[in-house]
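Engineer: 3D model of this:
(one chain, ligands or ions: 2)
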Amino acid sequence: MRRYAFQFFHVVQPYENYLLEVDNPVVVPVGKKIRVIITANDVIHAWWVPAFGVKQDAIPGFVRDTWFKADKVGIYRGQCAELCGKEHGFMPIVVEVVEPEKYAEWIAAQKKKMAAQADDPNKTYTMDELKVRGEKIYAGNCQVCHQPTGMGQPPVFPALSGSKIATGPKDGHISIVLNGKPGSAMASFKQLSDVDLAAVLTYERNSWSNKTGDMVSPADVKKLRK
Ligand code: HEC
Ligand SMILES: [Cu+2]
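Structural biologist: Ligands and ions are numbered 1, 2, ... in the order given. Just a heads-up that it's a prediction; the model follows:
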């Protein structure tokens with residue numbers, strides 16, 4: 001029988017991708033042109049994956065796109081390529097390129113996961129529930145332009161605090177967020193669920209200097225969806 005000098009020698013083996021793993025890899029099918037749409041919600045970063053020859057800045061308040069096509073299945077690694085702050089060295093990127101069948105399986109699994117997390121359509125929300133949820137939706141989708149203070153950056157991005165639209169009739173407020181304003185930087189947010197939109201609209205109507213005291217319900221949003 002062989003004897004090892006160090007019983008726990010596996011513990012000290014170096015870990016190949018130390019600090020380069022991610023919680024959510026980008027999963028894409030092999031051999032297909034992939035369009036990547038990029039923005040940022042704090043400072044400028046860059047999405048850089050050398051093997052694909054792609055490096056695109058991620059800029060708050062702007063939407064940029066780029067594309068790549070991976071010809072071989074495998075795991076590809078990249079990192080943020082724009083000095084973005086003290087954690088800049090810890091912004092790894094992992095892209096998993098898989099066969100079409102495996103990609104279809106992944107999509108099906110993601111759909112199942114999303115369905116499991118979906119909202120109960122029969123739930124009635126309180127104003128407080130919507131505001132708490134709305135604050136998160138606002139932080140993730142709106143504050144790059146309209147700012148955490150709701151003061152925007154006039155004249156480019158209007159203030160929502162004191163806005164006639166955000167404190168006016170509900171339908172007009174819902175409509176600009178649901179459909180966007182063509183020809184401006186205000187895009188349509190119809191990809192958000194009825195509950196998420198009701199939440200962010202309720203948050204806007206009752207934050208900063210806005211005190212309408214009313215709430216937008218998921219049913220109000222649903223009614224205006226075309
Ligand atoms: C990329 C920048 C940007 C983002 C992100 C953005 N908006 Fe806007 N928003 C604008 C601009 C620009 C306008 C002005 C459009 C116009 O009237 O020309 C606007 C207008 C509005 C208005 C009307 C304000 C007024 O008084 O005219 C509301 C309400 C609004 N946005 C809500 C939202 C919500 C809610 C979100 C997030 C779900 C959001 N916006 C995300 C750029 C943005
Ligand atoms: Cu960075």
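Engineer: Tell me how many other residues crowd residue 104.
Structural biologist: For residue 104, the tally of surrounding residues (other Cβ atoms under 10 Å) stands at 12. From N, CA and C alone the C-beta is placed, and that goes for glycine too.
Engineer: Hmm, residue 205 is touching residue 168, no?
Structural biologist: No: between residue 205 and residue 168 there is no contact under Cβ atoms under 8 Å: 9.5 Å.
Engineer: More neighbours: those two, which one.
Structural biologist: Taking residue 205 and residue 168 together and counting by other Cβ under 10 Å, residue 205 has the greater number of neighbours (25 against 12).
Engineer: What residues does the more buried one make contact with?
Structural biologist: With contacts taken as Cβ atoms under 8 Å, 6 or more residues apart in numbering, residue 205 has the following neighbours: 166, 167, 173, 212, 214, 215, 216.
Engineer: List phi and psi for it.
Structural biologist: The phi and psi torsions at residue 205 (degrees, to the nearest 10) take the values phi -80, psi -10.
Engineer: Are any of the contacts of residue 205 buried, and if so which?
Structural biologist: For the contacts of residue 205, burial is judged from neighbour counts taken by 16 or more other Cβ atoms under 10 Å, and it is met by 166, 167, 173, 215, 216.
Engineer: how about low-confidence regions in the chain?
Structural biologist: Residues of the chain meeting the criterion pLDDT under 70: 1-15.
Engineer: domain parsing for it?
Structural biologist: Listed domain ranges for the chain are 9-102, 127-224 (source: automatic domain parsing).
Engineer: Need those domains in CSV (columns: distance to residue 110).
Structural biologist: Listed next are the domains of the chain as CSV, based on distance: least, Cβ to Cβ, whole Å:
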stretch, distance to residue 110
domain 9-102, 9
domain 127-224, 15
